[in-house]
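Asker: below is the sequence, then the predicted model.
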Amino acid sequence: MKHYLSLALLGLLALAACSKPQPQPAEVIPSLKDAFPDYKIGVAVSYDLTRGNDSVAASLVAQHIKNIVAENCMKCEVIHPEELRYDFDQADWFVKYGVENGMQMIGHCLIWHSQCAPWFGVDRRGKPVKPEVLRHRMKEHITTILKRYEGRVHAWDVVNEAILDDGSYRPSFFYQILGEEYIPLAFQYAYEADSTVELYLNDYAMSSPAKVQTYLRIIRDLRQRGLRIDAMGFQSHMGMDHPNWERFEAAVKAFVDEGIDVQFTEVDMSATPTIHESANISDTVAYMAQCNPYPDGLPDSVSVVWNERMTRFLSIVDRYVPHVRRVTVWGVTDAHSWKNDWPIKGRTEYPLWFDRQYQMKPFLRDRLARYGE
Ligand code: G3I
């Protein structure tokens, strides 16, 4: 009898065990890191996000991203507003956020004609400073910032947007006062400040053959001087009609053939009609209703073409692995994009990889499905 009772008890226990909800495997939430095994996927983060003021965006970044760039907080006008005063508050939040979240961080940007503090190139009378004064200011600016973030910021956009589409040097005050020398000087000062960080050139509209040739010449010169240059940054601010993919790919190939890695550093793609292909901040345009055709949402017909174009962009990027270091998207969701206010203030844009509902866009879901298999 006892034997039967113990068997019955065992049966009951087994039944109970089966009926108890079995621990489910943790939900495997696909991450972009899985869909891009050959290069880093990054994102530009705002001061707001690093301050914890956008928890949903921060959760997306935590899930998908391991590489972040400072969208604005390390620009000269923010970090060095007066010659004898730095303001590291926003940059410190960026670095604190990156360290706490185990992110690889990119500093953006050390020498740039735009958003440069107004004092940087002039004397007290507002006249251009002498070359030796500008060299001192550049060296002090670069050294102070790199020393502060040494060991935490992995790489820097040293010189941003130096060359025009026709291949000539942008006539910034850096160029007008120091000539072509300002670029190697910037890289020299950065390397002397911290020889461990990666150092980059960065520019937009890189499909221009003339621009490519000038950058190749600059890179050869930097190398001949024994200066460090780790990659050429293609900002990749795109639209529904640019870049021309053949010219874009020819440009990427030219740098890879030169033996320099490439990276796509500010990726976005306007879904609205192209106003111009510049990304120069001062190239703004007055509001025109016809340039804001989708204020209440993107038509499916446009979204399909947009996703096809972003897939085409990534197919070109993939072809140059392992010479691609990273692809950084210039913001987390469409709502965060600078393009909602540039070059036209107050239009609704759809340029990034996550939409306003924080959902990844179809091209990305397709890629995850393909790579996630
Ligand atoms: O932070 C101030 C805020 O305190 C103030 O109330 C507000 C009033 O306008 O301005 C805020 O600063 C703005 C900043 O973005 C942060 O939102 C600046 O005015 C605005 O000019 C700045 O725009 C940035 C732009 O560069 C100029 O620096 C965009 O967010 C940023 O996406 C864009 O990024 C550039 C890259 O650095 C270089 N390549 C081109 C790219 C797009 O232009």
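Answerer: Sure, I can see it.

Asker: within range of the ligand, give me the residues from the stretch 101-250 of the chain.
Answerer: Proximity of the stretch 101-250 of the chain to the ligand (CB under 6 Å from any ligand atom) is limited to residues 115, 160, 235. The way it works is simple: take the backbone N, C-alpha and C, and place the C-beta from them, glycine included.

Asker: cross-check the contact I'm expecting between the second one and residue 109.
Answerer: Yes. Using CB atoms under 8 Å as the test, residue 160 is close enough to residue 109 to be in contact (4.1 Å).

Asker: now list whatever residues contact both of these two.
Answerer: Residues touching both residue 160 and residue 109 (CB atoms under 8 Å, 6 or more residues apart in numbering) are residue 202.

Asker: coming back round to it: just the buried ones from the residues of the stretch 101-250 of the chain next to the ligand, in ChimeraX syntax?
Answerer: Buried subset of those, written as a ChimeraX selection, criterion 16 or more other CB atoms under 10 Å:
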select :160,235
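
Asker: which single residue in this structure comes nearest to the ligand?
Answerer: As assessed by CB to the nearest ligand atom, the ligand sits closest to residue 338 within the chain, at 3.3 Å.

Asker: make sure that residue is actually in contact with residue 345.
Answerer: No. The criterion here is CB under 8 Å, and residue 338 misses it with residue 345 at 11.0 Å.

Asker: which one's more surrounded, these two?
Answerer: Of the pair residue 338 and residue 345, residue 338 is the one with more neighbours under other CB atoms under 10 Å, namely 20 against 11.

Asker: in what helix or strand does residue 109 lie?
Answerer: Under the criterion of DSSP states H and E, residue 109 resides in strand 104-112.

Asker: how about the following helix or strand past that strand: buried residues?
Answerer: Remark: after strand 104-112, the chain's next helix or strand is helix 131-148, criterion DSSP H and E. For helix 131-148, the neighbour count (16+ other CB under 10 Å) marks 134-135, 137-139, 141-142, 145-146, 148 as buried.

Asker: do stretch 229-240 as well
Answerer: The neighbour-count check on stretch 229-240 (16+ other CB under 10 Å) flags 229-239 as buried.

Asker: check the residue lying closest to residue 183 once chain neighbours are set aside and give its pLDDT.
Answerer: Spatial nearest neighbour of residue 183, excluding adjacent residues (CB to CB, 6 or more residues apart in numbering): residue 159 at 5.3 Å. Reading off the confidence values, residue 159 has pLDDT 98.

Asker: what's the helix or strand for residue 159?
Answerer: Here residue 159 is assigned to strand 153-160, by DSSP H and E.

Asker: which other residues reach that strand?
Answerer: If you take CB under 8 Å, 6+ apart as the criterion, strand 153-160 is touched by 95, 104-112, 114, 142, 146, 182-183, 186-187, 190, 197-203, 230, 233, 265.
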